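**Q** Next one to model:
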Amino acid sequence: MVFYALFVGAELDGLTNLQPRRGCDDPSFQYYFKLRCENCGETTAKATCVALGEVVDLPTGRGTANLVQKCKLCGRDGTIVMIPGQGTPLTIEQSQKGEKTCLMVFDCRGYEPFDFEFRDGWKADSVNGTPFDIDCSEDEFAEYDEKGECPVGLGKLQSTFKVVKKIERAGKTRYI
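**A** Numbering: from 1, shown residues only. Sure, this is the predicted structure:
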């Protein structure tokens with residue numbers, strides 16, 4: 001098993017706390033990304049969708065996963081289990097430093113995720129506290145904050161998957 005953390009970044013202008021609409025652990029938020037088979041190296045042609053609220057039984061009958069998929073080339077089963085509680089919103093301070101934030105951790109067996117696709121279903125707050133629903137499928141967003149009387153926006157969306165380690169200390173589990 002390999003743990004992959006999805007890190008996202010963006011240039012935020014007058015916005016902070018960019019995250020899925022109902023938070024990083026939103027069970028209905030759909031993560032879209034491509035997969036690479038760890039056995040034969042075959043990649044999926046289209047993005048695969050994974051959501052916390054979608055759970056299927058493993059083919060072995062022991063346990064569940066958020067995704068079970070067979071490689072079209074070699075026929076091997078691969079699974080992905082999402083691990084909630086690890087994500088944090090992207091703040092304006094992180095954006096200004098060019099940093100990314102972890103949104104979700106995935107326990108991947110047989111597959112390596114890559115090429116995350118930003119789509120609809122995001123939110124952020126203006127620095128003045130006005131909430132905005134954001135569609136990231138266009139890779140940019142621009143609006144006017146009436147309350148704060150200033151333009152807000154985002155652009156240059158970036159994402160990367162990084163291999164992380166599971167660390168258990170004092171009854172708490174972290175992925176670093």
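**Q** Could you use CA atoms for every contact and neighbour count after this?
**A** OK.
**Q** Secondary structure of residue 94: a helix, I assume?
**A** Yes - remark: residue 94 belongs to a helix, assigned using DSSP: H, G, I helix; E, B strand; the rest coil.
**Q** Give me the nearest residue to it, chain neighbours excluded.
**A** residue 100 (6.7 Å; C-alpha to C-alpha, 6 or more residues apart in numbering).
**Q** list the contacts for the one you found?
**A** By C-alpha atoms under 8 Å, 6 or more residues apart in numbering, the residues touching residue 100 are 7-10, 90, 94, 159.
**Q** how does it look with 6 Å?
**A** Residues in contact with residue 100 (C-alpha atoms under 6 Å, 6 or more residues apart in numbering) are 7-9.
**Q** burial count for residue 61?
**A** Residue 61 has 7 neighbours, counted by other C-alpha atoms under 10 Å.
**Q** Against residue 80, how distant is it?
**A** Residue 61 sits 15 Å away from residue 80, taking C-alpha to C-alpha, to the nearest Å as the criterion.
**Q** Can you verify my assumption that residue 165 contacts residue 173?
**A** No - contact criterion C-alpha atoms under 6 Å: residue 165 and residue 173 do not qualify, at 10.2 Å.
**Q** and the spatially most distant residue from the centre of the chain, backbone torsions?
**A** Taking C-alpha atoms, centre = their mean, the residue of the chain most remote from its mean C-alpha position is residue 149, at 31.3 Å. Dihedral pair for residue 149: phi 50, psi 50, per degrees, to the nearest 10.
**Q** any idea which strand is longest in the protein?
**A** When the chain is parsed with DSSP state E, its longest strand is strand 150-164.
**Q** For residue 47, which residues are in contact?
**A** 32-34.
**Q** Just the buried residues of the residues you listed.
**A** By neighbour count, with 16 or more other C-alpha atoms under 10 Å, the contacts of residue 47 hold 32-34 as buried.
**Q** Now flag whichever of those residues is closest to residue 125.
**A** Taking C-alpha to C-alpha as the measure, residue 125 lies nearest residue 32 of the buried ones among the contacts of residue 47, at 23.6 Å.
**Q** element containing the closest one?
**A** Assessed by DSSP states H and E, residue 32 sits inside strand 30-37.
**Q** which helices and strands sit right next to that strand?
**A** strand 48-51, strand 111-117 (3 or more C-alpha pairs under 6 Å, 6 or more residues apart in numbering; DSSP states H and E).
**Q** which residues are in contact with it?
**A** 42-44, 47-51, 110-117.
**Q** Of those residues - the most surrounded one?
**A** Comparing the contacts of strand 30-37 on neighbour count, residue 111 comes out first with 26 neighbours (neighbours: other C-alpha under 10 Å).
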